[in-house]
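J.: Build the 3D model from these lines:
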Amino acid sequence: MCRNITALRGLEPAATPEEIQAAALQYVRKVGGLSSISAATKPAVEEAVAEIAAATARLLAQLPDRRVPPKTVPPLRRPEVQARIHAHG
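T.: Residues are numbered from 1 along each chain as shown. Okay, here's the model as predicted:
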């Protein structure tokens, strides 16, 4: 698995739609070899992210509870990331 994609199963509270979307975007960028998204790639990326996010949400809903929580905290839950988001918002 790509080291940059955080495990979302077993989070407390459960993974948010934003966290699922961020993981889907990371996956699409990695598989597509995209360091940035241009106007030419944006429609394909957005479609793929939407499909992968929907599949991920279904997967998480269908998997049994996890016995041990993930070892890492999703980026969107990290204080330094939240501070960056709020600074740009």
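
J.: Now name the helix or strand holding Val45.
T.: Per DSSP states H and E, Val45 falls inside helix 42-62.

J.: Which residues belonging to that helix are considered buried?
T.: Val45, Ala48, Val49, Ile52, Ala53, Thr56, Ala57 (16 or more other CB atoms under 10 Å). Where you see a C-beta, it was placed from the backbone N, CA and C, and this is true even at glycine.

J.: Can you name every helix or strand that it contacts?
T.: Applying 3 or more CB pairs under 8 Å, 6 or more residues apart in numbering; DSSP states H and E, we find helix 42-62 packed against helix 17-32.

J.: Skipping its backbone neighbours, what lies nearest Glu18 in space?
T.: Leu76 (6.0 Å; CB to CB, 6 or more residues apart in numbering).

J.: Give the residue farthest from the middle of this protein.
T.: Relative to the C-alpha centroid of the chain, counting by CA atoms, centre = their mean, Ala40 is the outermost residue, at 22.4 Å.

J.: check contacts around it.
T.: For Ala40, the contact set (CB atoms under 8 Å, 6 or more residues apart in numbering) is empty.

J.: Now do the residue nearest the centre of the chain, the pLDDT please.
T.: Nearest to the geometric centre of the chain sits Ala23, at 1.6 Å (CA atoms, centre = their mean). What the model reports for Ala23 is a pLDDT of 93.

J.: now the helix holding Val45, how far from the chain's geometric center?
T.: Put simply, helix 42-62 sits 10 Å off its chain's centre (CA atoms, centre = their mean, to the nearest Å).

J.: re earlier: what separation is there between the closest residue to the residue nearest to the centre of the chain other than its chain neighbours and Asp65?
T.: Excluding its sequence neighbours, the residue lying closest to Ala23 (CB to CB, 6+ apart) is Ile5, at 5.4 Å. Look at Ile5 and Asp65: by CB to CB, to the nearest Å, they are 21 Å apart.
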